[in-house]
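In: below is the structure, and that's it, no one-letter string:
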């Protein structure tokens, strides 16, 4: 049976499971908060459904339960961190926090984190800038499963990019997007439902339109050719080369700036950390104008967008972050609904680790 | 008859035409250089074919032949400029130059320029960072002709975004892309050729797939509803909401940070400057790592991308900036080929202004 649980109870449960796995209380709470935020915002693919992967990572020693990160280089406005296979959320949270502190003084600050693991939703870190009257930026590269325009082999990851911008009374603009046309999860849904892939999502080992979801999932995993297309789809007709460029840009900011693995070298492995890299940034609005005036203008822009006339057959226009914030409010009011499968998995972990399960 | 002309001769001719229109020599040369760079790189839509618009702008007084810009706010790492209706290229060049100088000292620097005009290709300014071992960023908003996902009215421009990254021996990565699926020019080409628009390029006044190019051009111009779709096309199936988010992001960086006009308020007008805004940025690579090591890694990445196996029926994979740089080399060797129409127009302006025409 599906389970409805309050956000606070779910964070506490996940935190206690991480503590039972050897994480310290603060890092456990941080990691739980990042995972549950994804569920609360209606992005369950990045939420507690991934708990098993985190726990398996700890068991295998490829995700360190202690934050083992070291600062490789630091200036008044920049930070280069080697996560050394630490769990993604704690090192990402601390790095973003440090960047925000630096930007208070220098206006702009950026950081690169190498040899890290899954960090949850990029938007979580970008949104940390909001209450500081800054624009927040977060990116990560991922295991390669994206195929370049006119190509046939995977050369980059889904490489998400997040930008959060403060507003006054309106819900803030929070863009949080993979630079591939779709995440892998959408292909898995097609497979489960026995549907063909629409043209423009993926190509096969010849670089031609892929229609069979099971086939492409297997070939992507085994690196036999084929993979997901960049935002803009196949060829240049709908701008696939632009999404390709954005994905490579994210790889450059995350991995090349920090001297990390990049491109097809980033691959899922049972034997090592995910070896992914992140990039974080903060821009202080007061370097340009009074933040209150800026936020008043943001309110006008966002209000115009959300009140824009919808197309025939559509209800509303959603700007980036609006739907997610509405989901978050709903989650705060009604609790988070977990599927039976996800809830059973969490409950089993809790039982195994003697962690109390909230009613 | 089409005309082939050396890059240097074309720059000189355009410069002399601008001088005859009252521009000083330096600004005339800068503006000519920016326009001709677009032709040399194979982007003639942004090249000397636009000369008539610049000259008409000077005649009407909506593009000032003298750089009338003023600095509204300046810190060690930021700059806010009011272009006061100046021509785009000179104020953009000077602002980017200033940002690069600031970033030498502070690592990161950003600028917003308001009340400007057409600035040519965004990539021109981003590429100024290359020889300084910096990553360069340039964006501009434009007159609104883009329709949000699930919407029917124009709410943002084609809002291009450029990022240039230095490399060693490989051609540098230069992403320079409109955040709409296509520029307006592609609809005009369909109209001239009597073709229907492919689904995913534009929507009509009901927010539904537009097929008639002439109809949509007229309605966009008159703001009767309908317009170009964001990168990712119609609905969310292929990520149209991502392109929508990117377009709004560019508007925020360019216009909102500087207190300029934004969204649907940016409109073509005969009576005022284009009232567009730009955003420029520079990130110094040495804040993270040794630039030579970074560029060596860039060479590996770019070499992997350009040598990636092509899809069946395709010749090669092109990373962002590769095709344009190859065009540039070709132009340097063979000269720039101008269509009869564009050449005749330039020649007529030269004659009218008693400017010598190179053989």
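Out: Right, received. Where do you want to start? Predicted, not measured: the structure shown is a model, and the values here were computed from it.

In: what sits against residue A:181?
Out: A:200, A:201, A:228, A:229, A:230, A:231, A:232, A:233, A:243, B:232, B:238, B:239 (CB atoms under 8 Å, 6 or more residues apart in numbering or on different chains). Every C-beta, even on glycine, is put in place using the N, C-alpha and C of the backbone.

In: what's the closest non-adjacent residue to the fourth one?
Out: Just to be clear, that refers to residue A:229. residue A:181 (5.0 Å; CB to CB, 6 or more residues apart in numbering or on different chains).

In: then residue A:108?
Out: Closest to residue A:108 by CB to CB, 6+ apart is residue B:108, at 4.1 Å.

In: next: residue A:250.
Out: Excluding its sequence neighbours, the residue lying closest to residue A:250 (CB to CB, 6+ apart) is residue A:159, at 3.8 Å.

In: on the pLDDT front, check the one you found for me.
Out: Predicted confidence (pLDDT) for residue A:159: 97.

In: which parts of the stretch 201-350 of chain A are helices?
Out: Applying DSSP state H, counting those that start in this stretch to the stretch 201-350 of chain A gives helices spanning A:213-221, A:240-251, A:291-306, A:322-334, A:340-352.

In: dump the ones you listed to JSON lines, plus mean neighbour count and distance to residue A:145.
Out: Listed next are those as JSON lines, based on neighbours: other CB atoms under 10 Å in any protein chain shown; distance: least, CB to CB, whole Å:
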{"stretch": "helix A:213-221", "mean neighbour count": "19", "distance to residue A:145": "5"}
{"stretch": "helix A:240-251", "mean neighbour count": "28", "distance to residue A:145": "11"}
{"stretch": "helix A:291-306", "mean neighbour count": "18", "distance to residue A:145": "32"}
{"stretch": "helix A:322-334", "mean neighbour count": "15", "distance to residue A:145": "24"}
{"stretch": "helix A:340-352", "mean neighbour count": "15", "distance to residue A:145": "23"}
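
In: can I get the ones you listed in TSV with distance to residue B:308 and mean pLDDT?
Out: As requested, the helices of the stretch 201-350 of chain A are exported to TSV (distance: least, CB to CB, whole Å; pLDDT from 0 to 100):
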stretch	distance to residue B:308	mean pLDDT
helix A:213-221	15	91
helix A:240-251	11	98
helix A:291-306	38	98
helix A:322-334	34	97
helix A:340-352	37	96
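
In: distance between stretch A:317-332 and the chain's centre?
Out: 16 Å (CA atoms, centre = their mean, to the nearest Å).

In: list the contacts of the residue nearest to residue A:108.
Out: Taking CB under 8 Å, 6+ apart, one finds A:77-78, A:106-110, B:77, B:281-284, B:287 in contact with residue B:108.

In: now for the helix or strand where residue A:53 lies, which elements pack on it?
Out: In this assignment (DSSP states H and E), residue A:53 forms part of helix A:51-60. With contacts taken as 3 or more CB pairs under 8 Å, 6 or more residues apart in numbering or on different chains; DSSP states H and E, helix A:51-60 sits against helix A:7-20, helix A:25-40, helix A:340-352.

In: which among those helices is found nearest to residue B:295?
Out: helix A:25-40 (34.3 Å; CB to CB).

In: circling back to that earlier point, sec struct for the residue nearest to residue A:250, please.
Out: On the three-state scheme (DSSP: H, G, I helix; E, B strand; the rest coil), residue A:159 is labelled coil.

In: quick one, phi psi at residue A:210?
Out: phi -90, psi 140 (degrees, to the nearest 10).

In: how many neighbours does it have?
Out: A count of nearby residues for residue A:210, using other CB atoms under 10 Å in any protein chain shown, gives 27.

In: enumerate the residues of the stretch 51-200 of chain A near chain B.
Out: A:73, A:75-78, A:80, A:106-110, A:112, A:135, A:148-153, A:155, A:163, A:165, A:173, A:175, A:177-179, A:181-182, A:198, A:200 (CB under 8 Å from any CB of the partner chain).

In: for PyMOL, what selects the buried ones among those residues?
Out: Selection of buried members from those for PyMOL, criterion 16 or more other CB atoms under 10 Å in any protein chain shown:
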select buried, chain A and resi 75+77+78+80+106+107+108+109+110+112+135+148+149+150+151+152+153+155+163+165+173+175+177+178+179+181+182+198+200
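
In: need the contact list for the residue nearest to residue A:250.
Out: Contacts of residue A:159 by CB under 8 Å, 6+ apart are A:139-142, A:146, A:178-180, A:246-247, A:250-251, A:254.
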